[in-house]
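Chemist: A structural model of the following input is requested.
(chains A and B)
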Amino acid sequence: MTARTADTAATDAVPIIAARGVCQEYKLARKSLFGQRERLAALQDVDFHAMPGEAVGLVGESGSGKSTLTRVLVGRERPTAGVMEYEGRDVWSLDGAGRRQFRRSVQVVLQNPRSSLDPRMTVGVSLVQPLRALHIDVDPKARVREVLEQVGLGVDVLSKYPHEFSGGQLQRIAIARALMPHPKVVIADEPVSALDVSIQAQVLNLLKDLVAELGLTLVLIAHDLSVVAYTTSRVAVMSAGRIVETGRPADLFRHPTAEATQALVDSVLTVEKGLEGSALL
Amino acid sequence: MTTQTVLDVRGLVVRRDDLKAVRNVDFQIRAGQRVGLVGESGAGKSLTALAVMGLLQPGWTTEGQVLHDNVDLTTISDREFSNRRGRTVSMVFQDPLSALNPTKRVGAQVSWVIRRHTKVTRDEARARVLDLFKQMHLPRPEQLLRAYPHELSGGQRQRVMIAMAIACYPQLIIADEPTTALDVTVQKQVLRLLDGAVKDRGSALLMITHDLPVIAAMCDYVMVMYGGRLVEQGPVGEVFRSPRHPYTKGLLESQPTLDNIELEGTTRLPSIRGSVPPLHAMPTGCPFRTRCDRATAQCEIVPELEGDTSQAACWHPLDAHSPVVGA
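Modeler: Residues are numbered from 1 along each chain as shown, chains lettered A, B, ... in the order given. Model (predicted):
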């Protein structure tokens, strides 16, 4: 862990968001009319947490359970077993006020901003929406201006529609929207994999800055190890519904112990390996 | 055109009304050569491929010549073109789920390609498809012949697409982002199969992608495209180790790599400022000049590709020996 996370751990040992022994099962479609419905265990006994101000990565190949865990972490799905905690309290037994607090404090940025922003709403309306939906009583204009500044956009974007922007700008807008309700935790699910290479770096830099400047907790979900290594200080590797390894990115990638981590490290192609002719070996 | 050249593109322009998406592109591909075409979305790389394949959407028109197998592909009829597609030139698309017919079994789809271009019986074609599936390391190939596309995984579908593309030993295979839609762990395997298949058949490969490591792994020559123009081209090692165009250098530097993990912490990834302008707002002159730190008034005039083994279209090219991160 970096000095930064060690500090926060010392003063405030309660993780801001934590899944403890979480299992999630889905019932599959009936195969015959009177047949038993089979169950698919998408998460099995998962322990995952993030300390306040920490940037944590979650990697794994598709189907490993990353997105299911995301849905559990943001409170969209109730786990079939285990506890989902926010600031040390079980999210699913909170009272109304506590639940509202949780909803405001944990926000999500999704992979494709073109499908997460309403094409018929101007950016301005889209940005104010979370304030209304979550009944947050602040001056919307002032808040919008503040947030746009944080993500490096001008007020001229407010009257435009999503189709007028490039992917990178839209992802900034999606991040701005997630920041509107003053969240403590931002969960970003593959935030750069739909973006062009030269834009990916901009968005990753932005996320990194936000963690540092606003003291945000970031959970970054990605399949690309190098993206996660660059942005976070601790990484959990998922495989087949379980977390198989956790550690500092540099250590994980230099000395992977779990098979799934090894497979992910091996799958990373680099320009250098390609030029040496060893990339496909 | 020498007999060794399988594709000779001269002054290619792809436009819709006044919007030029590909602006005067020239390149040659020799037999067995592997060429990478790299660029961001909107650079015009896919339109270049579609123009070569005669698959542009209605509304797009081309100018210039696309010489292949002693004919100009821009002038031949649809019927002549369909006699060629899959036989002398074939394409692997990014998303196999939309490129395959969802209502037909995958074995039959590959077999059609073979029977369209060669005189073989149904059984002979089936045997050849089975061989291809085995070469592509598809599991349980006999059963897979009878599977529908939705029953296969993404990697398996893409392997079926590659089987289809190589079935008739084409002179040229165009692969447009063949692994972008796949899981990282499958990407390498599919690239390895494509690599082997192209090598075995001696076909030339035009690999289109935004992914520089993929180009480095698969190609021996690279062309960097931006704003509809080729801005730099040359042998992969030379261009990637010592890029001369600021755009190429920016692309190379903005790759997060595991080699410099020390990035974690406070350092920032170098990035290219701004984003690719939309077609109608593409600047005159050098297309990159609005995002370039080295731009001057001179850049309002379009620079020509200049250089020996590798060429860059830039008025203020970087020193050939300036080092790049990770190289």
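Chemist: check contacts around the closest residue to chain A within chain B.
Modeler: Residue of chain B nearest chain A, by CB to the nearest CB: B:A216 (2.5 Å). Bear in mind the C-beta positions are built from the backbone N, C-alpha and C, glycine included. Counting by CB atoms under 8 Å, 6 or more residues apart in numbering or on different chains, B:A216 touches A:L269, A:T270, A:V271, A:E272, A:K273, A:G274, A:L275, A:A279, B:V236, B:F240.
Chemist: how far away is the residue most central in space within chain B from A:V109?
Modeler: Nearest residue to the geometric centre of chain B (CA atoms, centre = their mean): B:I208, 1.7 Å. Here B:I208 is placed at a distance of 29 Å from A:V109 (CB to CB, to the nearest Å).
Chemist: again, but for B:R273
Modeler: Separation of B:R273 from A:V109 (CB to CB): 22 Å.
Chemist: Looking at the two, which has the bigger crowd around it?
Modeler: Higher neighbour count among B:R273 and A:V109: A:V109, with 24 against 11, using other CB atoms under 10 Å in any protein chain shown.
Chemist: So the residue nearest to the more buried one when sequence neighbours are not counted: helix, strand or coil?
Modeler: Counting by CB to CB, 6 or more residues apart in numbering or on different chains, A:A188 is the residue found nearest to A:V109 once chain neighbours are left out, at 4.3 Å. Under DSSP: H, G, I helix; E, B strand; the rest coil, A:A188 falls in the strand class.
Chemist: Let me know how buried A:A188 is, in neighbour terms.
Modeler: 26.
Chemist: can you check B:V6 too?
Modeler: 23.
Chemist: if we can go back for a sec, assign a three-state SS to the residue of chain B closest to chain A, would you?
Modeler: Strictly by three-state DSSP, B:A216 counts as helix.
Chemist: Just the element for the closest residue to it other than its chain neighbours, please.
Modeler: Distance criterion CB to CB, 6+ apart; nearest residue to B:A216, sequence neighbours excluded, is A:G274 at 2.5 Å. Under the criterion of DSSP states H and E, A:G274 resides in helix A:271-276.
Chemist: From what I see, A:L225 and A:F253 are in contact.
Modeler: Yes. The pair A:L225 / A:F253 is scored as a contact, 6.3 Å apart, by CB atoms under 8 Å.
Chemist: ok, the two, which is more surrounded?
Modeler: When A:L225 and A:F253 are compared for neighbours, A:L225 comes out ahead with 25 against 21, by other CB under 10 Å.
Chemist: Just list the residues touching the more buried one, thanks.
Modeler: Taking CB under 8 Å, 6+ apart as the test, what A:L225 contacts is A:V59, A:P249, A:F253, A:L264, A:V265, A:V268, B:L258.
Chemist: Quick check: the fourth one vs A:P130, distance?
Modeler: Same thing as A:L264. 34 Å.
Chemist: For residue 170, which three-state class applies?
Modeler: Here I'm looking at chain A. Applying three-state DSSP: A:L170 is helix.
Chemist: what's the answer for B:V190, then?
Modeler: Taking three-state DSSP, the label given to B:V190 is helix.
Chemist: now swap in B:V25 and tell me
Modeler: When classified by three-state DSSP, B:V25 comes out as strand.
Chemist: which parts of stretch A:132-150 are buried?
Modeler: Residues of stretch A:132-150 classed as buried by neighbour count (16 or more other CB atoms under 10 Å in any protein chain shown): A:P140, A:R143, A:V144, A:V147, A:L148, A:Q150.
Chemist: What of stretch B:32-49?
Modeler: Across stretch B:32-49, burial judged by 16+ other CB under 10 Å covers B:32-49.
Chemist: Endpoint to endpoint, that stretch covers what distance?
Modeler: Length of stretch B:32-49, first residue to last, CA to CA, to the nearest Å: 18 Å.
Chemist: starting at the chain centroid, how far to it?
Modeler: Put simply, stretch B:32-49 sits 4 Å off its chain's centre (CA atoms, centre = their mean, to the nearest Å).
Chemist: That stretch and chain A, any residue contact?
Modeler: Yes. Stretch B:32-49 lies within reach of chain A by CB under 8 Å from any CB of the partner chain, at B:E40, B:S41.
Chemist: same question, stretch B:246-256
Modeler: Yes. Using CB under 8 Å from any CB, stretch B:246-256 reaches chain A at B:G250, B:L251, B:L252, B:S254, B:Q255, B:P256.
Chemist: Quick one: mean pLDDT over that stretch.
Modeler: For stretch B:246-256, mean pLDDT rounds to 89.
Chemist: circling back to that earlier point, which single one of the buried residues of stretch A:132-150 is nearest to A:P181?
Modeler: Minimum distance to A:P181 across the buried residues of stretch A:132-150 is 9.0 Å, recorded for A:R143 (CB to CB).
Chemist: Just say helix, strand or coil for that closest one.
Modeler: Recorded secondary structure, A:R143: helix (three-state DSSP).
Chemist: Run through the helices of the chain in chain order.
Modeler: No chain in the question, so chain A it is. Along chain A, counting by DSSP state H, helices occupy A:3-11, A:66-73, A:96-105, A:113-116, A:123-133, A:140-151, A:167-179, A:197-214, A:225-231, A:249-254, A:259-267, A:271-276.
Chemist: look at chain B instead
Modeler: Taking DSSP H, the helices of chain B run over residues B:45-53, B:78-84, B:96-99, B:106-117, B:122-135, B:141-144, B:154-166, B:184-201, B:212-218, B:236-241, B:246-253.
Chemist: relative to helix B:154-166, how tilted is the fourth one?
Modeler: Per axes from the mean of the first three to the mean of the last three CA atoms, to 10 degrees, the angle that helix B:106-117 makes with helix B:154-166 is 10 degrees.
Chemist: now the angle from helix B:106-117 to helix B:122-135?
Modeler: Relative orientation of helix B:106-117 and helix B:122-135, computed by the same axes, to 10 degrees: 120 degrees.
Chemist: who touches helix B:106-117?
Modeler: With CB under 8 Å, 6+ apart, helix B:106-117 has contacts from B:83, B:86-87, B:100-101, B:120, B:122, B:125-126, B:128-130, B:132-133, B:144-149, B:152, B:157, B:160, B:163-164, B:167-168.
Chemist: And the residues you listed, which of them are buried?
Modeler: Applying 16+ other CB under 10 Å to those, the neighbour count classes B:86-87, B:100, B:125-126, B:128-130, B:132-133, B:144-145, B:147, B:149, B:152, B:157, B:160, B:163-164, B:167-168 as buried.
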